[in-house]
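Asker: with the input below, show me the fold.
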Amino acid sequence: MESILDYLQKKAELIDGVIKRYIPEKMDAKFAEWAFGQARFSYDIDAMNQSISKPVWDLLDRGGKRWRPALFLLITEVLGGEQEKTLDFAIVPELAHNGSLMVDDVEDMGEMRRGKPCTHKIFGLDIAINAGNFMYFIPYLVFIKNREKFDPQTLLRAYEAFSQEMINIHIGQGMDIWWHKGRDSVTEEQYCQMCAYKTGTLARLSARLAVALSGGSPEQEEKLGKMAEAIGVGFQIQDDILSASGTEFAAKKGFGDDVTEGKRTLMVIRTLKKASEEDRKRLIEILNMHTRDKKLIKEALGILKKYDSISYAKEFARNMVRKAWSEAGPLLPESPAKKKMKEFTDFLINREI
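Answerer: Predicted coordinates:
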């Protein structure tokens with residue numbers, strides 16, 4: 001039986017092939033004219049490659065699970081959609097996601113991403129911001145180049161989903177950034193809403209696009225969107241847990257980055273609620289230092305573990321996804337694809353990578 005990791009690997013190769021149609025590893029004049037229009041004056045192809053293709057593929061080639069497009073493909077299959085017709089749209093959330101990583105690393109002054117220095121550390125702030133923004137906007141080209149395949153109402157439905165979720169992701173990031181500055185009164189509900197917009201929004205976009213382009217009902221779009229959002233929130237919580245674990249995952253991301261950034265994760269929120277006054281003050285103090293001192297980072301993580309906040313966060317994420325599946329599952333016809341989709345959701349919140 002094919003494992004979820006094998007499935008993701010196989011789909012990652014397919015997805016990367018589609019991405020290369022819209023952002024080639026090396027642009028040429030033919031691509032530039034296809035994507036951007038005939039030059040009125042003259043393109044500088046080398047500048048385009050150095051400032052866009054090179055930093056974009058430096059990040060994409062580091063890996064990443066490509067689970068958002070895989071979710072799109074699974075939902076399309078479950079609903080009986082035409083993969084050949086809809087395939088290009090699978091890259092829309094993936095490009096937006098990687099663009100958000102580039103910009104997020106600039107905003108957080110990040111050091112490491114997927115085991116290598118962040119894009120802005122290699123190519124500079126200006127290149128990273130511009131290339132990240134390019135990945136936000138290049139998905140519109142998918143809509144433009146595929147408009148003949150769909151009726152106008154279907155395309156509008158998909159376009160509105162993309163536009164709304166791209167607005168939402170910046171609200172989620174804004175909340176997260178503001179909390180880094182030292183806010184200590186964040187509630188679990190506010191944290192989950194931030195995650196729903198920061199991480200959940202692109203998972204929700206994957207589901208909404210798949211439903212819309214496969215001719216699914218508005219109810220399916222709503223319920224599957226909520227389920228995907230829950231997966232996204234659970235994925236973020238699991239990311240936070242792994243980052244605090246000191247495992248290989250933490251080494252690739254940058255050990256203790258969440259502490260350095262002063263992030264108010266679910267584990268932090270839980271600890272601040274349950275801790276003694278002394279531990280509470282000390283945790284806030286370390287978070288507000290934005291330190292890279294490993295000793296202080298380990299002290300902060302030790303406080304989280306002292307109040308069993310990591311186990312609490314794990315169970316919180318699992319319960320959220322289970323509830324969302326119980327609402328969305330009955331709307332889907334029984335099939336091998338539906339079974340794979342259930343395995344997929346379980347994997348994302350129980351992973352160790």
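Asker: how many neighbours does Ile4 have?
Answerer: Look at Ile4: counted by other CB atoms under 10 Å, it has 18 neighbours. From N, CA and C alone the C-beta is placed, and that goes for glycine too.
Asker: I'd say it and Lys342 touch.
Answerer: No: if you go by CB atoms under 8 Å, Ile4 and Lys342 don't touch, sitting 10.5 Å apart.
Asker: strands along this structure, start to end?
Answerer: Here the chain has its strands, by DSSP state E, at 112-113, 116-117.
Asker: can you put the ones you listed in TSV and add mean neighbour count and mean pLDDT?
Answerer: Below are the strands of the chain laid out as TSV (neighbours: other CB atoms under 10 Å; pLDDT from 0 to 100):
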stretch	mean neighbour count	mean pLDDT
strand 112-113	20	90
strand 116-117	14	96
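Asker: of the ones you listed, which is nearest Phe134?
Answerer: With CB to CB as the measure, strand 112-113 is the member of those nearest Phe134 (17.2 Å).
Asker: starting at the chain centroid, how far to the closest one?
Answerer: 15 Å (CA atoms, centre = their mean, to the nearest Å).
Asker: how about stretch 164-171?
Answerer: With CA atoms, centre = their mean, you get 12 Å for stretch 164-171.
Asker: one more: stretch 135-148?
Answerer: The answer for stretch 135-148 is 19 Å, by CA atoms, centre = their mean.
Asker: ends of that stretch, how far apart?
Answerer: The straight-line separation of the ends of stretch 135-148 (CA to CA, to the nearest Å) is 23 Å.
Asker: Ala244 contacts Ile310, correct?
Answerer: Yes: between Ala244 and Ile310 there is a contact under CB under 8 Å: 6.5 Å.
Asker: who has more neighbours, the two?
Answerer: Ala244 (25 against 18).
Asker: let me see the contact set for the more buried one.
Answerer: 250, 256, 258, 265, 267, 301, 304, 310 (CB atoms under 8 Å, 6 or more residues apart in numbering).
Asker: how far away is Glu327 from Phe344?
Answerer: 17 Å (CB to CB, to the nearest Å).
Asker: the two - which one has more neighbours?
Answerer: Phe344 (17 against 14).
Asker: how about that one: what's its closest non-neighbour residue?
Answerer: Spatially, and ignoring its direct neighbours in sequence, Phe344 is nearest to Ile4 (5.7 Å; CB to CB, 6 or more residues apart in numbering).
Asker: give me phi/psi at the closest residue to Lys121 other than its chain neighbours?
Answerer: Distances taken as CB to CB, 6+ apart put Glu111 closest to Lys121, at 6.9 Å, once the chain neighbours are dropped. Main-chain dihedrals, Glu111, degrees, to the nearest 10: phi -110, psi -40.
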